[in-house]
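Asker: Return a 3D structure for these sequence lines:
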Amino acid sequence: TLNLFNTITMLSTAINELSRQLSGYILQSGDAPYEAAIQIDNGRIQLRPLLIVRPTVVNDCALGVKCAVTTTLACSMTGGGQSAAGYCMNEGGMVMDMRHLNAISFNKKRQSVTAQMGVIWYDVYKFMQDTGTGLVPVGGGCPTVAPPGFMLGGGYSFVSRSYGMSIDNLLGLKIITPDGRLRSIGPESKGEDADLFWACRGGGGGNFGVVVEMEMKVQKPYSPKMLVGQMRFPLEQADEVLGYYNDWVEKIPNTMAVYGYMGQQPDAVDPNKRVKVLGLTPVFNGDGAEGIDLLRELLKMKPINADLRNMTLPEWEFFNGNTTKVANRSAYIRSAILPKGGMNNKVAKVIKEYIGNAPSPDSFAVWTLTGGAISDKKPGETAYVHRNARFVPEIKSIWDLDKPGDARANVEWAYEFFEKLGAAGNATGAYVNYIDPLLHNWAEMYYGANYERLKKIKLDIDPTNVFHFQQSIGSSFNPPKKLTDLSP
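Answerer: Model prediction:
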């Protein structure tokens, strides 16, 4: 009892001292904004940290890290709140809520944008749009996602086939490590800082410290507006469409990216009915007429509907970007990494089977087309190892938040779906940004041959494991292949 009393007293003293030192402020249970602050995109995640620190200056983050070290509280960071498994939150620890660190600036000479890490991609796109330069960041397809987690995990963009991954356009960052130091690291860094910069390009968010600022190269699109849009085919045509698509993507220029969708949409005649579809999402970084020519054979396959537009990339992100949000419903999310030729007829058969029997009409899957400039870097050049992949499918099993009894059917459906899809497409791994708490051998699946180096860097930078969660670098957690626990 005395030890517990001493611990509570020590914690209370440390939190009071932190509150006194901060330029920002602290939220705890019972404070009016606390309940809203712990809500993230995946409504299934209901974690209650002991305190939420909201920094308003960079030094607040350093103070928060020092407090976490002193009190041995788990420390995690949240920006856009999009962590698939809720690892941006924790139970009974400290959460650094970055939302008030949102300064953005543009360097015309360096052709770069520097942003503090409380921004979301919407802020960055809108800022660059307002500069009138036409330059665009290589950012996320969902505008409410925040750059730090996205980029630390790699970051695929609609223009990544043209310009590489988001991390390939990272010119430098500022990070507060567990020793309380603010480090400015980049391509010119040496020694331990060079290792840390390598790890921060694909090693995943929440592992090495609190990233407070990033400088990103911005790119000039090949035409003022891009050809963008959606094509939807009846699910029954999956064999025909994917049979063509699987070979066609090996012949198209890097300026064309055609992502995919599997799910449902309202019937054109009766909006109260829903039809199961296979969709393609083209984004062509070039002249619209040339893009139409590239899509001609797909358009001949008689889609249910095709909606093609000429838009700037920011306009497209604002128009299309919110379609993949969980929006506070319950969700289970997982991924696969498929090699060249991975969208084959075996995969088409799996897609038809599982989209056809989804327990929830809100569930869907998407995939990213990779290749192009993404493959210009070698698997060990950055911590992101899946440079030679071709497709990155993601499943979002979504059901009503007020129906927790539906969890088992929806989780098992998604888990089995992607186990079979991975086997059919010869999967080589999984994507850490779609982090999956049920993934067996997750370290190998996310990081491959780069994991041993990541573990060494983690031990050097964070020897006392201040930044830890279920699937953090070095964790011994490994769920079995047979599902025994469906919780995040």
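Asker: Nearest to the spatial middle of this protein, which residue is it?
Answerer: Centroid-nearest residue in the chain, with C-alpha atoms, centre = their mean: Asn433, separated by 4.0 Å.
Asker: distance of that residue from Ser83?
Answerer: Between Asn433 and Ser83 the distance is 9 Å, computed by C-beta to C-beta, to the nearest Å. From N, CA and C alone the C-beta is placed, and that goes for glycine too.
Asker: and if you look at Leu101?
Answerer: With C-beta to C-beta as the criterion, Leu101 and Ser83 are 18 Å apart.
Asker: now Ile26
Answerer: In terms of C-beta to C-beta, Ile26 sits 21 Å off from Ser83.
Asker: So which of these two has more stuff around it?
Answerer: Taking other C-beta atoms under 10 Å, Ile26 and Ser83 do not tie; Ser83 has more neighbours (25 against 19).
Asker: which residues are in contact with the helix or strand Leu298 falls within?
Answerer: According to DSSP states H and E, Leu298 maps onto helix 288-299. By C-beta atoms under 8 Å, 6 or more residues apart in numbering, the residues outside helix 288-299 that reach it are 223, 225-227, 231, 241, 244-245, 248, 252-253, 256, 280, 282, 284, 306, 308, 310.
Asker: Could you do stretch 468-480 as well?
Answerer: 74, 76, 85, 87, 90, 203-204, 206-207, 435, 437-443, 446, 451, 454-455, 458-459, 465, 485.
Asker: okay, how far is it across stretch 78-89, tip to tip?
Answerer: Using C-alpha to C-alpha, to the nearest Å, the end-to-end distance of stretch 78-89 comes to 7 Å.
Asker: any idea how far it is from the chain center?
Answerer: 10 Å (C-alpha atoms, centre = their mean, to the nearest Å).
Asker: pLDDT averaged over that stretch - what is it?
Answerer: Averaged across stretch 78-89, pLDDT comes to 94.
Asker: In stretch 438-455, which residues are buried?
Answerer: Using 16 or more other C-beta atoms under 10 Å as the test for burial, stretch 438-455 gives 438-439, 442-443, 445-448, 450-451, 453-454.
Asker: cool, and stretch 289-300?
Answerer: In stretch 289-300, counting by 16+ other C-beta under 10 Å, buried: 291, 294-295, 298.
Asker: and it, what's its mean pLDDT?
Answerer: In this model, stretch 289-300 has a mean pLDDT of 97.
Asker: likewise stretch 382-399?
Answerer: Stretch 382-399 comes out with an average pLDDT of 98.
Asker: List the buried residues of it.
Answerer: Buried, per 16+ other C-beta under 10 Å, within stretch 382-399: 382-387, 389-399.
Asker: distance between the ends of that stretch?
Answerer: Using C-alpha to C-alpha, the two ends of stretch 382-399 sit 37 Å apart.
Asker: That one: how far from the chain's middle?
Answerer: 10 Å.
Asker: Next: stretch 150-168.
Answerer: On C-alpha atoms, centre = their mean, the centre of stretch 150-168 falls 11 Å from the chain's centre.
Asker: try stretch 74-83
Answerer: On C-alpha atoms, centre = their mean, the centre of stretch 74-83 falls 12 Å from that of its chain.
Asker: got the end-to-end distance for it?
Answerer: Termini of stretch 74-83 sit 17 Å apart (C-alpha to C-alpha).
Asker: neighbours around the residue lying closest to Gly43 once chain neighbours are set aside, how many?
Answerer: In this structure, Gly43 finds its nearest non-sequential neighbour in Asn328, 4.0 Å apart by C-beta to C-beta, 6 or more residues apart in numbering. Applying other C-beta under 10 Å, we find 15 residues neighbouring Asn328.
Asker: contacting residues for Asn328?
Answerer: Applying C-beta under 8 Å, 6+ apart, we find Asn328 in contact with 39, 41-43, 401.
Asker: Now flag whichever of the residues you listed is closest to Ile167.
Answerer: Ile167 has its nearest neighbour among these in Asp41, at 22.2 Å by C-beta to C-beta.
Asker: That closest one is in contact with Ser330, isn't it?
Answerer: No. Look at Asp41 against Ser330 with C-beta atoms under 8 Å: they stay out of range, at 11.1 Å.
Asker: Residues in contact with stretch 307-315: which ones?
Answerer: 125-126, 128-129, 134, 136, 158-159, 221, 224-231, 282-283, 288, 292, 295, 316, 319.
Asker: from the residues you listed, which ones fall inside strands?
Answerer: If you go by DSSP state E, the contacts of stretch 307-315 have 136, 226-231, 282-283 in strands.
Asker: Make a ChimeraX selection of the buried ones in the residues you listed.
Answerer: Only the buried entries of those go into this ChimeraX selection, using 16+ other C-beta under 10 Å:
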select :136,226,227,228,229,230,231,282,283
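Asker: Could you dump the ones in strands among the contacts of stretch 307-315 into a markdown table with pLDDT added?
Answerer: Shown next, in a markdown table, are those (pLDDT from 0 to 100):
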| residue | pLDDT |
| --- | --- |
| Val136 | 97 |
| Met226 | 97 |
| Leu227 | 97 |
| Val228 | 97 |
| Gly229 | 97 |
| Gln230 | 96 |
| Met231 | 97 |
| Pro282 | 98 |
| Val283 | 98 |
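Asker: Farthest-apart pair in the ones in strands among the contacts of stretch 307-315, please.
Answerer: Between any two of those (C-beta to C-beta), the greatest distance is 23.4 Å, for Val136 and Met231.
Asker: which intervals of the stretch 301-450 of the chain have sub-threshold pLDDT?
Answerer: By pLDDT under 70, the stretch 301-450 of the chain contains no weakly predicted segment.
Asker: could you pull out the strands for it?
Answerer: Secondary structure of the stretch 301-450 of the chain, counting by DSSP state E, counting those that start in this stretch: strands at 305-311, 330-335, 364-369, 391-399.
Asker: could you dump those to a markdown table with distance to Leu11?
Answerer: Shown next, in a markdown table, are the strands of the stretch 301-450 of the chain (distance: least, C-beta to C-beta, whole Å):
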| stretch | distance to Leu11 |
| --- | --- |
| strand 305-311 | 51 |
| strand 330-335 | 32 |
| strand 364-369 | 43 |
| strand 391-399 | 37 |
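Asker: For Asp60, which of those is the nearest?
Answerer: Smallest distance to Asp60 across the strands of the stretch 301-450 of the chain (C-beta to C-beta): 31.1 Å, for strand 330-335.
Asker: distance between that closest one and the chain's centre?
Answerer: That offset, for strand 330-335, works out to 12 Å (C-alpha atoms, centre = their mean).
Asker: And stretch 105-116, by the same measure?
Answerer: Using C-alpha atoms, centre = their mean, the offset of stretch 105-116 from its chain centre is 23 Å.
Asker: is it true that Ile40 touches Asn90?
Answerer: No. In this structure, Ile40 is not within contact of Asn90 by C-beta under 8 Å, at 11.9 Å.
Asker: Just give the number of residues close to the closest residue to Asp287 other than its chain neighbours.
Answerer: Counting by C-beta to C-beta, 6+ apart, the nearest residue to Asp287 once its immediate chain neighbours are dropped is Ser223, at 5.3 Å. Ser223: 17 surrounding residues under other C-beta under 10 Å.
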